[in-house]
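Peer 1: Next comes the sequence, and after it the predicted model I'd like to discuss.
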Amino acid sequence: MFHQKLADLRSDRDLTQQELADALNVNVNTYGAYERGINRAPDEFKADVAVFFNVSLDYLLGLIPHPRPLHANTGEYFRLPAPLGSDSLRELGQYAYYLADKEKKQRKQQAK
């Protein structure tokens, strides 16, 4: 479970294995073995990953389905008040992108 979450988080951030290995101070071959599930990552490494990506260890270990931030108020993740269906989640995601685009346009206007 951890190795798949590790690969997904790295991919979502458009990082190479080398870039993430460097950021986490591990050899790229060691990192690759963790990501492929060949070697079991030590707890210290898992903690470093949680801090780097600002997600909980519960998420990395597959105990909860959605990332929960370690540090609040980063704006990166938020907790939904109740379970939502797939249509509602898709709509919520579209709205979040709409708001982000709206803010980007407002900042551009203010910069002029």
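Peer 2: Perfect, thanks for sending it. Numbers count the residues shown, from 1 in each chain.

Peer 1: check contacts around the residue nearest to residue 4 when sequence neighbours are not counted.
Peer 2: Once flanking residues are discounted, residue 4 sits nearest to residue 37: 7.7 Å by Cβ to Cβ, 6 or more residues apart in numbering. To be clear about C-beta, it is placed using only N, CA and C from the backbone, and glycine gets the same treatment. Going by Cβ atoms under 8 Å, 6 or more residues apart in numbering, residue 37 touches 2, 3, 4.

Peer 1: Out of the residues you listed, name the ones that lie in strands.
Peer 2: Using DSSP state E, no member of the contacts of residue 37 falls in strands.

Peer 1: Out of the residues you listed, which end up buried?
Peer 2: Neighbour-count burial (16 or more other Cβ atoms under 10 Å) applied to these gives 2, 3.

Peer 1: How much space separates the residue nearest to residue 4 from residue 11?
Peer 2: Residue 37 sits 15 Å away from residue 11, taking Cβ to Cβ, to the nearest Å as the criterion.

Peer 1: related to what we said a few turns ago, what does the pLDDT read for the residue nearest to residue 4?
Peer 2: If you check residue 37, the pLDDT there is 94.

Peer 1: do the same with residue 110
Peer 2: Residue 110 is assigned 85 on the pLDDT scale.

Peer 1: repeat for residue 46
Peer 2: pLDDT, residue 46: 94.

Peer 1: now swap in residue 97 and tell me
Peer 2: Residue 97 is given a pLDDT of 76.

Peer 1: so it is in which element?
Peer 2: Residue 97 is located in helix 86-111, with elements delineated by DSSP states H and E.

Peer 1: Show me what that helix packs onto, helices and strands only.
Peer 2: Other helices and strands packing on helix 86-111, by 3 or more Cβ pairs under 8 Å, 6 or more residues apart in numbering; DSSP states H and E, are absent; none qualifies.
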